[in-house]
Each structure stands twice: as C-alpha cells, then as structure tokens.
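> Okay, sequence plus prediction incoming.
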Amino acid sequence: MSADTVLVDWSAGSWLNPPERADSSAAHLLVEPRGGSDFWRRTSYGFVHDDGSALLAPFPADSAVEVSFQLDYAAQFDQAGVLVRVDDRRWIKAGVEVSDGQPQVGAVVTDELSDWSVAPVPEWSGREVTVRVSRAGDALTVRARADGEPWRLVRVAPLDPAAVASAGPYCCSPSRGGLVVRFTGWRQGPADPALHPEG
C-alpha cells in the first residue's frame, strides 16, 4: 500500500502554530508543542481550540501522506499523528492520543463541529507508529499500524474533492507542558487504489 511513497524533508513544511521548539535531523524531528495546546471545536466540551502545532504541506487529491513517530508519551490527552486541514472549521486529525490511562488510536473529524472516535492500543506503547491518510474522490481513508504490522482501518471521512487542503505531522499537549514527540518519518505518495484489499 505504501511502496511508492517518498520521503518528505522536514523543511518542506510550514508551521501552523509554531511549537515551543523543533529540532530536526535527516532522520528525526523532535517537537515540543505548547502546554495546553489542542485542536477541537465545541462538541461536548463547549470550547474551541485551534493552537496545536502542525507541519503542513500541500495535500492534493489522489495522494496519500504517512507520518511515523515514537509512541513514548503517557500523559492524559498527549497526542501525535497527521493533521489534514482545509481551514479552522474543516480539518481532520488522526493518530494516537492517551485517554483514560492508555493510548488510543483514533480520529477527530471536524466540519464546524468536532467528533471523536478511538480504540485502545496499549500494545503499541514504546513502538514506532505510522498513520496513513489517503485522499481519493470524496473521501479520506485513515489507516494506522505499529512497526511493520498490517494496516488497521481507523476511519473513512468525507472531504470535498475540490477542497484545497494541506497535511503533515502534528502534536498537542492539552493537559501539560513538556511533551516532546519524536517524529521518525514523513512520506507522500499516490492514494490507495481501493478502500478494501482485493481477494
């Protein structure tokens, strides 16, 4: 599914809400988001947050983006993954967020209001996680995996085919300061050929 992806240099992206610090090498990007930062719009909690840190590059139709990171954080609501953004009212974040004491793979899909879906993945702790978002037709397909395991389908969400979007690695730390996320890869390539594997 990702054989045709190519590495994206960290310098190819532009920061939405620059973090407290970001240090990059050829292999890694260390990001410390601001304490209290998040992306969310209203639902259940009532507030609007649009101050998480994301390194974004153009995300055209019929393409895919993958972001890899070390899952070595454990505080409530610490999170990292991929942000797909059209504007401050239309965006999707997908990745692993710590909630209720364990890491959860999931996604927040926002069109004026946010929703949230999660599934516990305690077995992913301490491992390299990759989140893949594929854009084809009117849909975004989110998949994730730890190390080289098979991809798990996380979410299928709508996105206007004509929307101008950007995407890339993001992280937030809503409940504390001092989180540091080690991103280990950013890749782009063609969109997935199908939602479900053939066979």
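Arrived safely.
> Skipping adjacent residues, who's closest to W186 in space?
With C-beta to C-beta, 6 or more residues apart in numbering as the measure, V8 is the residue that lies nearest to W186, at 4.4 Å, once sequence neighbours are left out. Heads up, the C-betas are built off the backbone N, CA and C, glycines and all.
> can you pull the pLDDT of the one you found?
Confidence at V8, expressed as pLDDT, is 96.
> tell me the contacts of the closest residue to L113 other than its chain neighbours?
Sequence neighbours aside, T43 is the residue nearest to L113 in space, at 5.0 Å (criterion: C-beta to C-beta, 6+ apart). The neighbourhood of T43, defined by C-beta atoms under 8 Å, 6 or more residues apart in numbering, consists of 113-116.
> follow-up on the earlier one: isn't the residue nearest to W186 right next to L56, touching?
No. Contact criterion C-beta atoms under 8 Å: V8 and L56 do not qualify, at 10.9 Å.
> Quick check: neighbours shared by the two?
Here V8 and L56 share the contacting residues G168, scored by C-beta under 8 Å, 6+ apart.
> Closest to the centroid, which residue in the chain?
Nearest to the geometric centre of the chain sits V82, at 1.7 Å (C-alpha atoms, centre = their mean).
> and the helix or strand containing that one, which strands flank it?
Element membership for V82, per DSSP states H and E: strand 79-87. Applying DSSP bridges, strand 79-87 is found paired with strand 90-99 (antiparallel), strand 166-172 (antiparallel).
> And stretch 122-139, end to end?
29 Å (C-alpha to C-alpha, to the nearest Å).
> Could you list the low-confidence segments of this protein?
1-3, 198-199 (pLDDT under 70).
> Mind doing that once more with 80?
1-3, 26, 197-199 (pLDDT under 80).
> re the thing from before, any of the contacts of T43 buried? List them.
The neighbour-count test (16 or more other C-beta atoms under 10 Å) marks 114, 116 as buried among those.
> Counting only strands, which of the contacts of T43 make the cut?
113-114 (DSSP state E).
> ok, which pair from the contacts of T43 is furthest apart?
Among the contacts of T43, the pair separated by the greatest distance (C-beta to C-beta) is L113 and W116, at 10.8 Å.
> tilt between the helix or strand harbouring R155 and strand 79-87?
If you go by DSSP H and E, R155 is part of strand 152-158. Angle, strand 152-158 to strand 79-87, by axes from the mean of the first three to the mean of the last three C-alpha atoms, to 10 degrees: 20 degrees.
> what comes up buried for strand 152-158?
For strand 152-158, the buried set under the neighbour-count rule, 16+ other C-beta under 10 Å, comprises 154-155, 157.
> contact partners of that strand?
With C-beta under 8 Å, 6+ apart as the test, strand 152-158 has contacts from 92, 94, 105-107, 109, 117, 119, 131, 138-145, 195.
> Filter these down to the buried ones.
By neighbour count, with 16+ other C-beta under 10 Å, these hold 92, 94, 105-107, 109, 131, 140-145 as buried.
> if you look at these, which of them are in strands?
Using DSSP E, those in strands are 92, 94, 105-107, 109, 131, 140-145.
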